[in-house]
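Peer 1: Give me the fold of what follows.
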Amino acid sequence: MAVYSGISMVLCLWVGVVFGVCLASAIVELPTFHHPTKGDGSLSFLVIGDWGRKGDYNQSQVAFQMGEIGDQLAIDFVVSTGDNFYDNGLTGEHDDAFTESFTDVYTAESLQKQWYSVLGNHDYRGDAEAQLSSHLRKLDSRWPCLRSFVVNTETVDLFFVDTTPFVEEYFNSPEHVYDWRGVFPQQTYTKNVLNGLEYALMKSTTKWRIVIGHHAIRSAGHHGDTKELVERLLPILRTYNVDLYMNGHDHSLEHISDDESPIQFMTSGAGSKAWRGDVTMDRKGVSFFYDGQGFMSVQLVETDIGIVFYGC
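Peer 2: Next up, the predicted model:
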């Protein structure tokens, strides 16, 4: 158990792994980033989700703590689990909200690393393609955001999955308009996402495998489980012996164990506005739940993964 000044709680978890091999049903190549590890093969990064509120709702306080921990751990990069800009994404690639919610908030020296980001459902309510634009990378070189992609390292492969198009209720919403450019037809798109993930998992030769999406597969929080991901994504994670699934969407920090495999479900969606008291703790497998603001760190070596939750 570690103690850090200004951090209200920490939880450390060490996870084991079992591996297997299975063939993917189709070859769909996902874009791949190659990120170097430290000289000893170790890697560390932070995970934050549901954050972009121009510094409000404690976003700035969380960013400050991230900078402190990022410096202590000498992090290699940051992972964003989506809902990057509230309430309705960006209006376009020239929207000042990008600078006001990202560049002007995460100013610590330790956070001037690559931010690997996926889209959340709130991002799809705006100009989703703006977040994928190369123009934003010119404004801030830390910002590679794609729909689905892979980050390859010597020690771990991270597989980012665009989960919003899997959720049926968004396609029938009378309340919100979503930017589905590049997604229709929905079933073809989601099938290709899963085929691309399977092919990437099949090729992976690293010790550890982590899959990242916006929506939870398992959650004790407000939104709970995402049934479409339980039905379509979870079987793939089990087949390919994925170690961790990380998500945002619920504004909380969570650790839940799978009841049929070694997979550990990690929610880090507490980057700004949190929902107090909205929890279902009677479900099986819940090891940790915190419904305030915060983030998560991940440290990997060849033999172990260390997860620490930081509440602010």
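
Peer 1: counting residues per helix, which one in the protein is longest?
Peer 2: Longest helix of the chain, by residue count under DSSP state H: helix 186-203.

Peer 1: Could you identify the helix or strand that succeeds that helix?
Peer 2: strand 208-213 (DSSP states H and E).

Peer 1: Report the strands that pair with that following strand, each with its relative direction.
Peer 2: Strand 208-213 sits in its sheet next to strand 156-161 (parallel), strand 244-247 (parallel), going by DSSP bridges.

Peer 1: Tell me which residue is most central in this structure.
Peer 2: Of all residues in the chain, the one closest to the mean position by CA atoms, centre = their mean is T81, 2.7 Å from it.

Peer 1: Low-confidence regions, the stretch 1-150 of the chain specifically.
Peer 2: Applying pLDDT under 70 to the stretch 1-150 of the chain flags the ranges 1-26.

Peer 1: Just give the nearest non-adjacent residue to H135, would you?
Peer 2: E93 (4.4 Å; CB to CB, 6 or more residues apart in numbering). Bear in mind the C-beta positions are built from the backbone N, C-alpha and C, glycine included.

Peer 1: What is the neighbour count of the one you found?
Peer 2: Neighbourhood size, E93 [other CB atoms under 10 Å]: 17.

Peer 1: thinking again about what came up before, residues of the longest helix of the chain that come out buried?
Peer 2: By neighbour count on 16 or more other CB atoms under 10 Å, the buried set for helix 186-203 is 189-190, 193-201.

Peer 1: picking that back up, okay, the strands paired with strand 208-213 in a markdown table with distance to Y124 and mean pLDDT next?
Peer 2: What follows is the strands paired with strand 208-213, written out as a markdown table (distance: least, CB to CB, whole Å; pLDDT from 0 to 100):
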| stretch | distance to Y124 | mean pLDDT |
| --- | --- | --- |
| strand 156-161 | 14 | 98 |
| strand 244-247 | 16 | 98 |
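
Peer 1: Could you dump those into JSON lines and include distance to D140?
Peer 2: Supplementary listing: these in JSON lines, determined by distance: least, CB to CB, whole Å:
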{"stretch": "strand 156-161", "distance to D140": "19"}
{"stretch": "strand 244-247", "distance to D140": "23"}
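
Peer 1: Out of those strands, flag the one nearest E175.
Peer 2: strand 244-247 (22.6 Å; CB to CB).

Peer 1: for that closest one, the distance to its chain's centre please.
Peer 2: Relative to the chain's own centre, strand 244-247 is displaced by 7 Å; criterion: CA atoms, centre = their mean, to the nearest Å.

Peer 1: and whichever helix or strand comes after that strand, what's its mean pLDDT?
Peer 2: Downstream of strand 244-247, the first helix or strand assigned by DSSP H and E is strand 253-257. The pLDDT scores in strand 253-257 average 96.

Peer 1: Check which helices and strands the helix or strand following strand 253-257 sits against.
Peer 2: The element immediately downstream of strand 253-257 (helix or strand, assigned by DSSP H and E) is strand 264-268. Counting contacts by 3 or more CB pairs under 8 Å, 6 or more residues apart in numbering; DSSP states H and E, strand 264-268 packs against strand 43-48, strand 244-247, strand 253-257, strand 294-300.
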